[in-house]
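[1] Attaching a predicted model along with its sequence, questions to come.
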Amino acid sequence: MKRKLSFAPILFATLLFFALNAYVLSGLNTLNGSAYLNPIFWVFIIGLTFSLFYAIKQMRLQGVNRFFKIVSHAFLIVFVAEIVFALLLLLGDFYRFILALTSNFQADGYHWLPRNNYWVYFAFFMFCITVALFAYGITQGKYAYRVIKHTLYFDDLPANFEGFTLTQISDVHAGSFTNPKAVQRGIDMINAQKSDLFVFTGDLVNNAAEEIKPWIGHFAQIKAPFGQFSVLGNHDYGDYVKWPSESAKVNNLQQLKAYHKELGFRLLLDEHVELVKGDQKIILAGIENWGIGFGERGDLKKALQNTSIQDFKILLSHDPSHWDAQVKNNPSKIQLALAGHTHGMQFGIEAFGIKWSPVKYRYKHWAGIKTENGRYLNVNRGFGFLGFSGRIGIWPEITVIELKRKV
């Protein structure tokens, strides 16, 4: 039986969208009472909205193209900036209302106070700042690589590995890249760290293995004395697009695994390797993607087979939800887990002691170092980008971790 389409949510969203724009227009009219403002405003908003609907229709038929990216990002920028403007305008109007209630009852009745033009100008200024931030995030922010360094201390680190360094990147999403020079700058920054070990924690592509092909020459430049190792992320399995057949999907994954080898990455599929220095070793394990709501494929028990409780272990696992579910309390202690996946939602603020992103409402720990039960987790903010073709406040990350023994 075909499911009936409910128009109530669509009608509600339409009315809400109309109300938002009408309210924003009322604020603009406070600043500029031109007779031309209203028709220009509505022609722009309606034109942009219908362009988005058309772009979505074409995207469903032909896939994501340049027109869809331009229109969807333009709509997103205007919509978010309007929300910022409307919230500040509402705050000013609420203050006017309270002020009127407390001090403006006259003998001839209630009087509504005029808007404070300075406050409306401030709201419009913040509208412009929002547009500028998004413009920067789309043009520059998505390639504004940051090197973030951590020094971690362990009771049980083998002495020969004192000062051992590793570089981690995650979530390349090669199908989103458009700027070879910018990507090369990121690769050069990785190699400049001269770490002992390089690891990649999943999502090499958005959907199809061929996305990485134009970038093989870039990422194959990454070298480390103890090797380059990788795992798969949820996007690497091709679960989010329709394939002509199941065999085509399987072949895509096999091709992606072959590309990992071509990059010089040793792909760890529920297995581990021993990193040996002198007569001591540490275990580097990697599992297939395991994430709540994103496919629980990985087999940690298999990856740790033939290791001992006393071994010092580093785990590559794409999704940080795996750490909470299976790692932090595992009977066989895993001293350090490395993940990615969240991208920090590519939007947020990490400044002035504030660390916030909307992704925090989905993941308890979404970026940086977390320690619990004598074990560490690092969540990399991602090297690439997906969906929103930009980054604002949450910049692409190259993590460098130094292992030290507790004195």
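    Received, thanks.
[2] where does residue 285 fall, phi/psi-wise?
    Backbone torsions for residue 285, taken as degrees, to the nearest 10, come to phi -110, psi 150.
[3] can you pull the contacts of it?
    Residues near residue 285 by CB atoms under 8 Å, 6 or more residues apart in numbering: 268, 271-272, 300, 303-304, 307, 313-316, 334. (Each C-beta comes from the backbone N, C-alpha and C, glycine too.)
[4] Please tell me I have it right and residue 380 contacts residue 166.
    No - proximity of residue 380 to residue 166 does not meet the contact threshold set by CB atoms under 8 Å, at 11.5 Å.
[5] ok so, going back, list just the nearest of the contacts of residue 285 to residue 235.
    residue 316 (15.9 Å; CB to CB).
[6] Out of the contacts of residue 285, grab the one that's most surrounded.
    Scoring the contacts of residue 285 on neighbours with other CB atoms under 10 Å, the highest-scoring entry is residue 315 at 30 neighbours.
[7] in what helix or strand does the closest residue to it other than its chain neighbours lie?
    Among residues not flanking residue 315 along the chain, residue 337 sits closest, at 4.5 Å (CB to CB, 6 or more residues apart in numbering). Per DSSP states H and E: residue 337 is located in strand 336-339.
[8] That strand pairs with which strands, and in what direction?
    strand 313-316 (parallel), strand 375-379 (parallel) (DSSP bridges).
[9] Mind putting these into JSON lines with mean pLDDT and distance to residue 358?
    Output for the strands paired with strand 336-339, formatted as JSON lines (pLDDT from 0 to 100; distance: least, CB to CB, whole Å):
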{"stretch": "strand 313-316", "mean pLDDT": "98", "distance to residue 358": "26"}
{"stretch": "strand 375-379", "mean pLDDT": "98", "distance to residue 358": "15"}
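[10] Of those strands, which is nearest residue 119?
    Using CB to CB, the nearest of the strands paired with strand 336-339 to residue 119 is strand 375-379, at 39.5 Å.
[11] Give me the contacts around that closest one.
    Contacts for strand 375-379 (CB under 8 Å, 6+ apart): 150, 152, 168, 320, 323, 327-328, 333-342, 363, 365-371, 399, 401.
[12] let's see it at 7 Å
    Applying CB atoms under 7 Å, 6 or more residues apart in numbering, the contact partners of strand 375-379 are 150, 152, 168, 320, 323, 328, 333-340, 342, 365-370, 399, 401.
[13] So residue 17 versus residue 7, what's the distance?
    Separation of residue 17 from residue 7 (CB to CB, to the nearest Å): 15 Å.
[14] brain fart, residue 192
    57 Å.
[15] Fine by me, we can end here.
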